[in-house]
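>>> output the structure for:
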Amino acid sequence: MGLYHLFRRAEYTDGVIDLVPVREAPPDRALGFGHERVWRITEHGKRKEIGRISYRDGESLGVYYYGHIGYHIDPPWRGHHYARLACELIKDEIRRGGKSSVVITCDPDNIPSRKTCEELGCVWESRVKVDEGLRKRFDISKVKERFVWILNP
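Take a look at the predicted model:
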């Protein structure tokens, strides 16, 4: 991480965590993510990155398996609901982009991510086997759980 990222200001905050934008990369054409935004998650007012969240506005096979939203929280900061808070912070941005629902996926054994989806009020959609071609090309598990987050106004 360069100094550029250390001194950027939070784009979103709730007084508990801040989301600091990461320099945007061009669209990932291989996965069809469309426009992807990525934010560093930090504790409010601090600079140390404790995780990341990304939002992809595309519709493709890649998004089907990876989801519109991806997040991770580094181990020392888990258990504080930071992933859920980060999702809530980008909710209005997703709606402004025209979506009324998005998909979040996780591995079947990822209980914390499943709990995050449940706390957001997501609806479990299905368990899907990941396309073998996609699995061979990219680092992705064999099976994904798909949750739909309906973004009520």
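
>>> show me where this protein has strands.
12-13, 17-21, 36-43, 49-56, 69-73, 101-106, 123-129, 143-150 (DSSP state E).

>>> quick one: strands adjacent to the first one?
Put plainly, it is strand 12-13. strand 17-21 (antiparallel) (DSSP bridges).

>>> buried residues, the partner strand. List them.
17-20 (16 or more other Cβ atoms under 10 Å). Glycine gets a C-beta too; all of them are placed from N, C-alpha and C.

>>> mind putting those in CSV, distance to residue 31 and pLDDT included?
Below are the buried residues of strand 17-21 laid out as CSV (distance: Cβ to Cβ, whole Å; pLDDT from 0 to 100):
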residue, distance to residue 31, pLDDT
17, 27, 98
18, 28, 98
19, 22, 97
20, 24, 96
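
>>> quick check: end-to-end length of stretch 38-49?
Criterion Cα to Cα, to the nearest Å; first-to-last residue distance in stretch 38-49 is 13 Å.

>>> follow-up on the earlier one: and the strands of the chain as TSV, adding distance to residue 94?
Below are those laid out as TSV (distance: least, Cβ to Cβ, whole Å):
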stretch	distance to residue 94
strand 12-13	12
strand 17-21	13
strand 36-43	10
strand 49-56	6
strand 69-73	8
strand 101-106	6
strand 123-129	16
strand 143-150	9
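
>>> those: which one's closest to residue 63?
Closest approach to residue 63 among the strands of the chain (Cβ to Cβ): strand 49-56, 5.7 Å.

>>> flag the shaky bits of the protein, pLDDT-wise.
Counting by pLDDT under 70, the chain has low-confidence residues at 1-8, 25, 27, 153.

>>> for stretch 22-31, list every residue counted as buried.
By neighbour count on 16+ other Cβ under 10 Å, the buried set for stretch 22-31 is 22, 28, 31.

>>> OK, contacts around the nearest residue to the first one once chain neighbours are set aside?
Yep, that's residue 22 we're talking about. Distances taken as Cβ to Cβ, 6 or more residues apart in numbering put residue 38 closest to residue 22, at 4.3 Å, once the chain neighbours are dropped. When contacts are counted by Cβ atoms under 8 Å, 6 or more residues apart in numbering, residue 38 touches 21-22, 24-25, 52-54.

>>> top helix in this protein by residue count?
Once the chain is assigned using DSSP state H, the helix that runs over the most residues is helix 82-96.
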